[in-house]
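Engineer: Got a sequence here, can you build the structure:
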Amino acid sequence: MSASQRPRVGHIRFLNCLPLYWGLMRSGELLNVDLRQDSPDRLGQALVAGDLDIGPISLVDYLHHAEDLLLLPDLAVGSDGPVLSVNLVSRRRPADLDGARVALGSTSRTGVLLAQLLLADRYGVRAHYHRWSPPDAPDATYVGTDEVGAMLREADAAVLIGDPALRALHDAPPQGLRVTDLGQEWRDWTGLPMVFAVWAVRRDFAAEQPGLVKDVHEAFLRSRELCLAELDEAAAAAARWEPFDAQTLASYFRRLDFSLGQRQVDGLREFARRAAAAGAAPPLAADGPRFAFH
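Structural biologist: Below you'll find the model as predicted:
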């Protein structure tokens, strides 16, 4: 494959995506793609705009652009119970947040909408939401320990996603803060897995390069399986440059669900139904979601 043929593939700069890329690095297949790393929202925007060919996209962003995208089978980031990295941090129970100010310290639209749906429809509370970012940073993708305290000086609760949420699991309880795992909340509410992000390909690229799309898809599946077989080794490697120890990371990776089978699709469809009912996303097509191949 020449450099000009390499598909432009997105990579979310969160630990939850490392298992899907671990094998690409180990096998050398990473050389076969033009990898673009960024935050979830910017990768979704790039995919929709045609600046990426294949990549992860927040479920909410996918729902808004489903007519232009096809899903890659059996690839997602989700959970069937606790996810550990999508959390509501607060001083009060979720049911006691009526009228509260909730800071949104994340650029992941799915996690934010999940928090809003849970608070409104499960707990029956009306909250006031505002986007929060550190004074010296252009976005709130990376939120440190000090910033969580700053968020809660301005708000009664904060929605954290990704690495900041993982840090909050350890940092918040000693400060007397409550951490509510939104993956577990969704499972308790619906009985279904939660899908936070899917892997999609632009329809035009899939039509022009079906063989290349299959190659990328199969490389990702091999990468995932290799990482799951070497999970402790992957966690130990990641721990060398992350602020978490290997045991914490291995436990986290084992909580995540990287599949998109029928049960996960049922969870996706239920989230889409609730999002549409709230006016937060267009309704999913009756025969959707649509896949690049089966």
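Engineer: Going by C-alpha atoms from here, please, whenever you check contacts or count neighbours.
Structural biologist: Will do.
Engineer: since we're on the nearest residue to Val125 once chain neighbours are set aside, how many residues are nearby?
Structural biologist: Nearest non-adjacent residue to Val125, counting by Cα to Cα, 6 or more residues apart in numbering: Asp98, 4.4 Å away. Counted with other Cα atoms under 10 Å, residues neighbouring Asp98 total 15.
Engineer: that's a strand at Asp98, yeah?
Structural biologist: No - counting by DSSP: H, G, I helix; E, B strand; the rest coil, Asp98 is not found in a strand; it is coil.
Engineer: pLDDT score assigned to it?
Structural biologist: With respect to pLDDT, Asp98 scores 97.
Engineer: Quick check: it touching Ala120?
Structural biologist: No - counting by Cα atoms under 8 Å, Asp98 stays clear of Ala120, with 9.1 Å between them.
Engineer: joint contacts of those two?
Structural biologist: Common contact partners of Asp98 and Ala120 (Cα atoms under 8 Å, 6 or more residues apart in numbering): Arg126, Ala127.
Engineer: show me what contacts Leu20?
Structural biologist: Residues counted as contacts of Leu20 (Cα under 8 Å, 6+ apart) are Phe220, Leu221, Ser223, Arg224, Cys227, Phe258.
Engineer: hang on, I meant Arg8
Structural biologist: Contacts of Arg8 (Cα under 8 Å, 6+ apart): Val33, Asp34, Leu35, Arg36, Asp51, Leu52, Asp53, Ile54.
Engineer: Okay, and the fifth one sits in which element?
Structural biologist: To tie it back to what came earlier, the one meant is Asp51. Following DSSP states H and E, there is no helix or strand that holds Asp51.
Engineer: looking at the sheet around the nearest residue to it once chain neighbours are set aside, what are its partners?
Structural biologist: Of all residues not flanking Asp51 in the chain, Arg8 sits nearest, at 7.7 Å (Cα to Cα, 6+ apart). Beta-bridge partners recorded for Arg8 (DSSP bridges): Asp34.
Engineer: Please, where are all the strands along the stretch 101-250 of the chain?
Structural biologist: Applying DSSP state E, counting those that start in this stretch to the stretch 101-250 of the chain gives strands spanning 101-104, 128-131, 157-161, 178-181, 194-202.
Engineer: Sheet partners, orientation included, of the last one?
Structural biologist: For strand 194-202, the paired strands and their directions (DSSP bridges) read strand 54-58 (antiparallel), strand 69-79 (antiparallel).
Engineer: okay, those, which one's buried deepest?
Structural biologist: When the strands paired with strand 194-202 are scored by mean count of other Cα atoms under 10 Å, the highest mean neighbour count falls to strand 54-58 (a mean of 28).
Engineer: hmm, back to that, need the contacts of Leu20 in TSV (columns: neighbour count and pLDDT).
Structural biologist: Formatted as TSV, the contacts of Leu20 follow (neighbours: other Cα atoms under 10 Å; pLDDT from 0 to 100):
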residue	neighbour count	pLDDT
Phe220	23	92
Leu221	21	93
Ser223	24	91
Arg224	24	92
Cys227	23	90
Phe258	24	95
